[in-house]
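Could you look at this predicted model? Sequence included:
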Amino acid sequence: MNARTFALESILLAGCLGGGGVAGAQAPASPLLRPGQVELRLDGAVALLLALEGGVGVEVGVLPLFSGTLSLGAAFSGELCALACWVPNAFSERDTSRWERSGVGRLGYHLTVSGRGFERADLSAFVLGGVTEPHTTVTTPEYRFQGVGRGPVLGLGLGGKYFPSPRFFLGTEARVRASWGTSESTLTRGTHDFTDAERRWLRYGVSATFFVGARLGGFPAR
């Protein structure tokens, strides 16, 4: 091998190694929630305009599973009865107002999808379970009462979030939830004999949740 050939091969080899290093440095970071990472979020939700909801939540990555991550979390929220109360109130002498507060735990599974437009997206499926406490006030010309109840709430859903930066995200989720229980009612005016049907309550439905939040530590390279 002459000196000219040796020099040419050395240049080509250096170019290949240098190109590989640049490509590796430019590899996109993964938005997947990793074990030990923590996310904090603010939620706002609508249940087909029948109810309005707001809350806060936290989620922690706990265990890698297949190509994704299992997570645990908790959320606290308050819900106000909207059209489900306002529309009947407008057409009757019975006025009903209701708000409730809930605390739920959350088990989720996070994954990412390769492809154009998904480089900064974290997708998830989850189940919810906890306790809800509705507060109801009913007013009629003859009587007025207040009811306070407590019961389980269960749900499941799908969602995703987008990271405009490694730390901050925004996203949306679709949830199906159901809750049920009994209420203790107290008359504040007039007289009324409460029936079992009035004491029991069952609610279920689909809601769309929108949220913003921050991930402590951002996200690491692939």
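That came through fine. Numbering: from 1, shown residues only.

Confirm P35 sits in a helix?
No: under DSSP: H, G, I helix; E, B strand; the rest coil, P35 sits outside any helix and is assigned coil.

which ones are touching the nearest residue to it once chain neighbours are set aside?
In this structure, P35 finds its nearest non-sequential neighbour in G61, 4.6 Å apart by Cβ to Cβ, 6 or more residues apart in numbering. C-betas here are computed from N, CA, C, even on glycine. Each residue near G61 by Cβ atoms under 8 Å, 6 or more residues apart in numbering is listed here: L33, R34, P35, G36, Q37, T69, L70, S71, H110.

and these, which two are the farthest apart?
Distances among these were taken as Cβ to Cβ; the most separated pair is G36 and H110, at 13.2 Å.

Can you tell me the centre-most residue of this protein?
Geometric centre of the chain, nearest residue: E173, 5.7 Å, by Cα atoms, centre = their mean.

Remind me which helix or strand that residue belongs to.
strand 168-189 (DSSP states H and E).

Packing partners of that strand?
strand 121-139, strand 144-162, helix 196-199, strand 200-216 (3 or more Cβ pairs under 8 Å, 6 or more residues apart in numbering; DSSP states H and E).

Am I right that L33 is in contact with R215?
Yes: using Cβ atoms under 8 Å, L33 is in contact with R215, at 7.4 Å.

Name the residues contacting each of those two.
E39.

higher neighbour count, these two?
The residue with more neighbours, out of L33 and R215, is L33; 27 against 24, by other Cβ atoms under 10 Å.

What residues does that one make contact with?
L33 makes contact with E39, E59, G61, T69, S71, H110, D122, S124, R215, according to Cβ under 8 Å, 6+ apart.

before we move on, back to that, so the residue nearest to P35 bridges to which residues?
Using DSSP bridges, the bridge partners assigned to G61 are S71.

quick one: low-confidence parts of the protein?
Scanning the chain for pLDDT under 70 picks out the ranges 1-28, 218-222.

What residues of stretch 90-110 count as buried?
Across stretch 90-110, burial judged by 16 or more other Cβ atoms under 10 Å covers T96, R98, W99, E100, S102, V104, R106, G108, Y109, H110.

and the strand holding E173, which strands flank it?
Taking DSSP bridges as the criterion, strand 168-189 forms sheet pairs with strand 144-162 (antiparallel), strand 200-216 (antiparallel).
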